[in-house]
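Colleague: how would this look folded up:
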Amino acid sequence: MPDRNQEIGKKALALLREKLMIDAIRTTEHERGYSWIAHRLRQFAWESGPTLQEGVTIARLVVQTTVVKDVAAPQQHVYDLLAMLNANAIGWGYGLLPDRSIAAMFAITVHEQILASRVPLLASYQILQLCEAEALGEQLARQLRGRLAVEEGPVPGAPPTTC
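Modeller: Next comes the predicted model:
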C-alpha cells in the first residue's frame, strides 16, 4: 500500500488553490503544479515531489510570479535594484531568470505534520506576492527597461480579479 504522504506536495497545492478560491477558468495545469492569471500577471505554483528525510516524507513548494520580461538594463543595474528589493523583503525575493525576466519567488518545505498550520500562511504569502508584483511591476519594468509581464486570461471574457 502506498504511503499516504507520498503526494504531500500535491495535497498542499490543492489546499492552497482551495484556500485562495482559484477557479479553473484561470488555471493551467502543469505536471507538478499549476499556473494562474489573477489580474494581469501569471503565477506558478509547483512541488518537488516527495522525498524521505529522517523518516518523514517532505515536499518543497515553490511559488513564482513573473513580473517583468525582456529586461534590457545593464546587468549591474539589475543586480543593484534586486539587492535593494531583497534587502527589504519579507517572505519572498526577486530574481533575474535566464530568459532576462524578473520573478518574485518563495519556497517552503511541507510535510503532513505541519500542513494544516502552514496552508493559511502559504496562501497569504502567495496572494501577497502577487499583489506586490502588481503594485511594483510597472515601476520595475521602467527601471529595468523591460515590459510588464502581462498575460491574457486563459479564457476570453473571464471575470476580472483585483488585488
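
Colleague: for stretch 100-113, which positions count as buried?
Modeller: Of all the residues in stretch 100-113, those buried under the rule 16 or more other C-beta atoms under 10 Å are 100-106, 108-111. (C-beta placed from N, C-alpha, C; glycine too.)

Colleague: chain center to the helix or strand where residue 68 lies: distance?
Modeller: Assigned by DSSP states H and E, residue 68 belongs to strand 56-69. Distance, stretch centre to chain centre, for strand 56-69: 5 Å (C-alpha atoms, centre = their mean, to the nearest Å).

Colleague: Starting from it, tell me which strands it pairs with and how they run.
Modeller: strand 42-47 (antiparallel), strand 51-53 (antiparallel), strand 102-111 (antiparallel), strand 147-148 (antiparallel) (DSSP bridges).

Colleague: Can you mark which positions in it are buried?
Modeller: Taking 16+ other C-beta under 10 Å as the basis for neighbour counts, the residues of strand 56-69 that come out buried are 57-59, 61-69.

Colleague: what mean pLDDT does the top helix by length along the chain have?
Modeller: Among the segments of the chain that qualify as a helix by DSSP state H, the longest is helix 112-143. Per-region confidence: helix 112-143 scores 93 on mean pLDDT.

Colleague: Check which helices and strands it is in contact with.
Modeller: Where contact means 3 or more C-beta pairs under 8 Å, 6 or more residues apart in numbering; DSSP states H and E, helix 112-143 is packed against helix 8-20, strand 42-47, strand 56-69, strand 102-111, strand 147-148.

Colleague: Tell me what angle it forms with strand 42-47.
Modeller: With axes from the mean of the first three to the mean of the last three C-alpha atoms, to 10 degrees as the basis, helix 112-143 and strand 42-47 are set at 150 degrees to each other.

Colleague: Just the closest of the buried residues of strand 56-69 to residue 25, please.
Modeller: Minimum separation from residue 25 among the buried residues of strand 56-69 (C-beta to C-beta) is found for residue 65, which lies at 19.1 Å.

Colleague: List the contacts of the closest one.
Modeller: Counting by C-beta atoms under 8 Å, 6 or more residues apart in numbering, residue 65 touches 41-44, 103-105, 129-130, 133.
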